[in-house]
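Asker: only geometry, no sequence info:
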């Protein structure tokens, strides 16, 4: 049931104001607020009160109550708690739960009427899954309390009278979901021991542990000890879910959610399955469904979108300044921008020292300032290290690797270069050292999870970098801390200068080691901080702030007293002893490359995406980068321009990849690979902030051929982080700094990531919409209420350990479908895996397609393993729950857009195939990669008609008849420029 609120009143107020004030500029329409009432819940748990009269549940992150017989739910907490898994106290006066209010999970409690909400635990660790002892004096819960550099989940007990917390389990495994024995002498729990196949119990008096149950070949979770001593637990095995007691299933052919059941009596329990609240007897009697309704508000956002200018050729300031480094003598700055390496005398103009069509990045000075090392693919291969002699101006390649070396830094004696060597997706990289004279490369550490750029100790014996210290195995997030490695390999040491406070990012946050070895510098809480260290890198004191403004990418001058850093769109230098700062003036501009040609495409078949019916024998006239005419083929149309003969091809709009993170690892060739597979626009919803802008500017300036780029900077996290392209925000002041940086750098969207609290997500929406850009998230609610524009993935990473959008067995229920549909949310599912396999099964020759030579070897190996390997990043079964979710959301009113979360462009074609496997028509599947993303981005593409940007592909076959034909790209027009696929695969240098 859907009810629109306040629409008539808003309209009447608008009419009255217009009459009173006369003509004026139309106001931005007010957001539309709608109440959505549902009868099913996704990833929901339930608990019954001790008097058996009331149920408590946690639908979509709030605690609700309802009569045990069913009825309308009443929300008793607000929508910003992310409150989960309620449990009643034995006296029925309190409901305990865990909630993510301010950037960490803590235990909370509330009275059943919603009064007296209070916090029970505090701190930087996560506390989850509370459950009361039968006498009400204690609460057992799981927590990652422990070593700030890495812990594991254990069972703890909170004394409700004193507040004292006692650790119960102490092993190296992940122990969670506790349940008290009937006499309160033991606690049962699930565990990662035995590959999650066992349940365990610990005696509270002596600490003795015993295994309660093993389920071979399945996963067992959520033990619930009954009043009579029965142990009820959840099992996932063979693609099915169930509750068991003593190895016997006590539920039927239903999708049982993996939460602890709640005992209604010694013989009955309540639980959630198939999105419904159920009541069952352990004796196997038929279940009873307890009907409910829950009403949640959603918002259809309305705001004035910022529109990118693709028409003007007016020069624009370069904002994408990447990896600026100050020369040892403090007189020059080197950096990457608009595709090239620049050197700029302080106070002078920037000089382009590479001037090529390659991807040039990550410059670094030699200790004497006579040389620069940088990464480039200027020889036509993939990124390698190059050294430029600053006197002669000559550059020479110094590596010849199958991987992509980046982040290079000279040793203090100038004889060696350390670098991270990318060998996997998302910048997974080895750490290696190059001997400059011999060219020998020595690996000093195996692949690390997206390490930061390395820095040398002054004696050349150790390497420091920012590494991720995951808190637990159960959850991947952690903090960025200082990791040091012997330059000879091994002897890894970790340091946390401030325990549980993260270096902001591994992508531009430091640490930078001073040339004299006495200090390190890094970005903490958004600003530049410095601390004293030993010769081995051990902190000798706490970091102290040396700036009060936004900072990024610190670089030491040779005197160890001055640091260059980026602050929003400026370069700044600070004297760490006096605190004096100065701006380094810069006036670098770039000019949009807009062609001045006239093209006429003669299309044998035209799919204009305005209609599901193709047209034949059509001419499309393009002037500069715009379509100016579309009409029947006629010889007169071909006068005065270049004719593109596509008379034996199907012509259609270029495709948009709505979710792929652009990163430097893939080099200049990645842009050509996108085009070769028909992708003319890429939305990149996460990158380091300045690299993201450089990608956009290099493309629009025509330096690197590729799709037009819509992107953003950091994935915004809170306290903890996972990706190198993420940032661990620590407080609301730093959050405002990050929002301002997104504004100044003109990011096209802002991404709310896994651990950003809901209140901050609300603020992000307010800010982003005020500057005309959308917000993207993994979340569903309260995101739907506060006006978040885009939700990514059917499932994907969640801070809860399960998915609010998708329950067990990859199934979404009415709450999710209607929250998407009634808010008309943009939904990017990313289910390409099975579709990509289908493409390779149907066309075995695809594995040898020359377009794959544009990718690094690790992607080529994945392609060679097809169809068995599937596709990285593409999940979900298009013929099962994930496919149903996509179709249900589309039918309910959500806007489906195609993206893959992978760098391999063929997977976008797999995504479209997956949609048709789910039941979508080929036309609707094509809309998901053309019309829909153009609408979502606010860009003039997606259809072929006069006035639209000239992003066009020409394919062999008929995609309306067979969606797989979309991959058969022969020619591409991107922003009015014509490319043959052969030209893209083997360009002339």
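Answerer: That came in fine, so what should we check first? Just so you know, these numbers come straight off a predicted model, no measurement behind them.

Asker: packing partners for the strand ranked longest in the chain?
Answerer: With secondary structure taken from DSSP state E, the chain has its longest strand at strand 642-653. Packing contacts for strand 642-653, counted by 3 or more Cβ pairs under 8 Å, 6 or more residues apart in numbering; DSSP states H and E, involve strand 598-606, strand 615-623, strand 952-955, strand 969-974. The way it works is simple: take the backbone N, C-alpha and C, and place the C-beta from them, glycine included.

Asker: what's the most buried one of those strands?
Answerer: Neighbour counts (mean count of other Cβ atoms under 10 Å) averaged over each of the helices and strands packed on strand 642-653 peak at strand 952-955, with a mean of 26.

Asker: Please name the bridge partners of the spatially closest residue to residue 241 that is not a sequence neighbour.
Answerer: Nearest in space to residue 241, with sequence neighbours left out and distances taken as Cβ to Cβ, 6 or more residues apart in numbering, is residue 256 at 4.4 Å. For residue 256, the beta-bridge partners are residue 273 (DSSP bridges).

Asker: how about low-confidence regions in this protein?
Answerer: Regions of the chain meeting the criterion pLDDT under 70 cover residues 1-27, 868-876, 989.

Asker: show me what contacts the nearest residue to residue 238 once chain neighbours are set aside?
Answerer: Closest residue to residue 238 apart from its sequence neighbours, by Cβ to Cβ, 6+ apart: residue 218 at 7.3 Å. Taking Cβ atoms under 8 Å, 6 or more residues apart in numbering, we find residue 218 in contact with 197, 235, 236, 237, 238.

Asker: how much space between the first one and residue 802?
Answerer: For residue 197, the distance to residue 802 (Cβ to Cβ, to the nearest Å) stands at 19 Å.

Asker: still on that earlier bit, my guess is the residue nearest to residue 241 meets residue 275, correct?
Answerer: No. Between residue 256 and residue 275 no contact is recorded; they are 11.2 Å apart, counting by Cβ atoms under 8 Å.

Asker: higher neighbour count, the two?
Answerer: residue 256 (26 against 22; other Cβ atoms under 10 Å).

Asker: which parts of stretch 35-49 are buried?
Answerer: Buried positions in stretch 35-49, judged by neighbour count with 16 or more other Cβ atoms under 10 Å: 36-38, 40-49.

Asker: between those, which is nearest residue 533?
Answerer: Checking the buried residues of stretch 35-49 against residue 533 by Cβ to Cβ gives residue 43 as the nearest, at 45.4 Å.

Asker: Now do the same contact list for the closest one.
Answerer: When contacts are counted by Cβ under 8 Å, 6+ apart, residue 43 touches 257, 800, 802, 803, 804, 805, 806, 807.

Asker: just checking, the first one touches residue 271?
Answerer: Going back to what we said before, that points to residue 257. Yes. If you go by Cβ under 8 Å, residue 257 and residue 271 touch, sitting 7.2 Å apart.

Asker: How many residues are close by the closest residue to residue 718 other than its chain neighbours?
Answerer: Nearest residue to residue 718, sequence neighbours excluded (Cβ to Cβ, 6+ apart): residue 103, at 4.0 Å. For residue 103, the neighbour count with other Cβ under 10 Å is 20.

Asker: and residue 103, what element?
Answerer: For residue 103, there is no helix or strand it lies in under DSSP states H and E.

Asker: mind listing what the closest residue to residue 291 other than its chain neighbours touches?
Answerer: Spatial nearest neighbour of residue 291, excluding adjacent residues (Cβ to Cβ, 6+ apart): residue 70 at 4.4 Å. Counting by Cβ under 8 Å, 6+ apart, residue 70 makes contact with 277, 290, 291, 292.

Asker: Pull out the buried residues from those residues.
Answerer: Of these, these count as buried by 16+ other Cβ under 10 Å: 277, 290, 292.

Asker: Strands - which of those residues land there?
Answerer: Those of these mapping onto strands are 277, 290, 292, per DSSP E.

Asker: Quick check: the last one vs residue 46, distance?
Answerer: To tie it back to what came earlier, the one meant is residue 292. Relative to residue 46, and taking Cβ to Cβ, residue 292 is found at 10 Å.

Asker: Overlap of the contact sets of these two?
Answerer: Residues touching both residue 292 and residue 46 by Cβ under 8 Å, 6+ apart: 57, 277.

Asker: Specify the local secondary structure of residue 596.
Answerer: The three-state label given to residue 596 by DSSP: H, G, I helix; E, B strand; the rest coil is coil.

Asker: count of residues packed around it?
Answerer: 9.

Asker: my guess is it meets residue 625, correct?
Answerer: No. Taking Cβ under 8 Å as the definition, residue 596 is not a contact partner of residue 625, at 9.7 Å.

Asker: At which residues are the helices of this structure located?
Answerer: If DSSP state H is used as the criterion, the helices of the chain fall at 7-21, 669-676, 689-700, 732-744, 758-770, 783-786, 814-823, 832-842, 857-864, 881-892, 906-917, 922-927, 931-937, 981-985.

Asker: For residue 661, find the nearest of those.
Answerer: Across the helices of the chain, closest to residue 661 is helix 689-700 (Cβ to Cβ), at 9.3 Å.

Asker: Now do that closest one and helix 669-676, the angle between them.
Answerer: Per axes from the mean of the first three to the mean of the last three Cα atoms, to 10 degrees, the angle that helix 689-700 makes with helix 669-676 is 50 degrees.

Asker: What is helix 689-700 packed up against?
Answerer: Partner elements for helix 689-700 (3+ Cβ pairs under 8 Å, 6+ apart): strand 322-326, strand 332-337, strand 552-556, strand 708-711.

Asker: Pull the contacting residues for the closest residue to residue 158 other than its chain neighbours.
Answerer: Leaving aside its chain neighbours, residue 158 sits nearest to residue 139 (4.5 Å; criterion: Cβ to Cβ, 6+ apart). Contact analysis of residue 139 by Cβ under 8 Å, 6+ apart lists 96, 107, 120, 130, 131, 132, 133, 157, 158, 160.

Asker: and what of residue 783?
Answerer: 752, 758, 761, 777, 791.

Asker: Then residue 917?
Answerer: Counting by Cβ under 8 Å, 6+ apart, residue 917 has contacts 834, 835, 838, 878, 879, 883.

Asker: Dump these to a markdown table, plus distance to residue 297 and neighbour count.
Answerer: Shown next, in a markdown table, are the contacts of residue 917 (distance: Cβ to Cβ, whole Å; neighbours: other Cβ atoms under 10 Å):
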| residue | distance to residue 297 | neighbour count |
| --- | --- | --- |
| 834 | 36 | 24 |
| 835 | 35 | 30 |
| 838 | 40 | 19 |
| 878 | 32 | 28 |
| 879 | 34 | 13 |
| 883 | 29 | 25 |
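
Asker: Distance to residue 681 for these - can I get that in a markdown table?
Answerer: Rendered in a markdown table, the data for those read as follows (distance: Cβ to Cβ, whole Å):
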| residue | distance to residue 681 |
| --- | --- |
| 834 | 25 |
| 835 | 20 |
| 838 | 25 |
| 878 | 24 |
| 879 | 29 |
| 883 | 25 |
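
Asker: Report the two of those separated the most.
Answerer: Spatial extent of the contacts of residue 917 (Cβ to Cβ) is set by the pair 838 and 883 at 12.6 Å.

Asker: Which residues are in contact with each of those two?
Answerer: Counting by Cβ under 8 Å, 6+ apart, the residues touching both residue 838 and residue 883 are 914, 917.

Asker: Could you measure from residue 100 over to residue 717?
Answerer: Look at residue 100 and residue 717: by Cβ to Cβ, they are 12 Å apart.

Asker: All the strands of the stretch 201-350 of the chain, residue numbers only.
Answerer: Under the criterion DSSP state E, counting those that start in this stretch, the stretch 201-350 of the chain contains strands at 209-214, 219-225, 231-237, 240-245, 248-249, 262-265, 268-273, 276-281, 288-290, 292-300, 316-317, 322-326, 332-337, 340-345.
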